[in-house]
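**Student:** Here is my input; please provide its structure:
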Amino acid sequence: MSSVVRLLGYTTLGCGCIIGRYREVATSREVAYVEEKGHTCAVHAHRRNHTIASDRQSAAPNPTTAAPAWSA
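**Tutor:** From the prediction side, this is the model:
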């Protein structure tokens, strides 16, 4: 069963995945979908066109800003 949703915006996670945030018109519930999986993403739960829990969106580390283990 599908529902009518309104786009709220997009977010790019640290792993490179693009998440689309939507609000269901009938219930006002917010839903987040993986629109595109990042090329270097190793998170199995990030599957294209599947929902993702809102509280997990920021859990993936950003490999471009993480400091190397050997740095002081």
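**Student:** The residue nearest to the spatial centre of the chain sits in which helix or strand?
**Tutor:** Nearest to the mean C-alpha position of the chain, by Cα atoms, centre = their mean, lies I19 at 3.7 Å. Using DSSP states H and E, the element containing I19 is strand 18-24.
**Student:** Run me through the strand neighbours of that strand, direction for each.
**Tutor:** According to DSSP bridges, strand 18-24 forms sheet pairs with strand 5-12 (antiparallel), strand 30-36 (antiparallel).
**Student:** could I get stretch 8-24 in CSV with only the CA atoms?
**Tutor:** This file holds the C-alpha atoms of stretch 8-24, laid out as CSV (Å, rounded to 0.1, in the frame of the first residue of the first chain):
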residue,chain,number,x,y,z
LEU,A,8,11.0,17.8,3.2
GLY,A,9,14.6,17.6,2.0
TYR,A,10,17.7,15.6,1.3
THR,A,11,20.7,14.8,3.5
THR,A,12,24.1,13.3,2.6
LEU,A,13,25.4,11.0,5.2
GLY,A,14,29.1,10.6,6.1
CYS,A,15,29.2,7.3,4.3
GLY,A,16,28.1,9.0,1.0
CYS,A,17,24.4,7.8,1.0
ILE,A,18,21.8,10.3,0.1
ILE,A,19,18.7,10.2,2.3
GLY,A,20,15.3,11.8,1.3
ARG,A,21,13.1,12.9,4.2
TYR,A,22,9.4,12.9,3.6
ARG,A,23,6.2,13.5,5.6
GLU,A,24,3.1,11.4,5.0
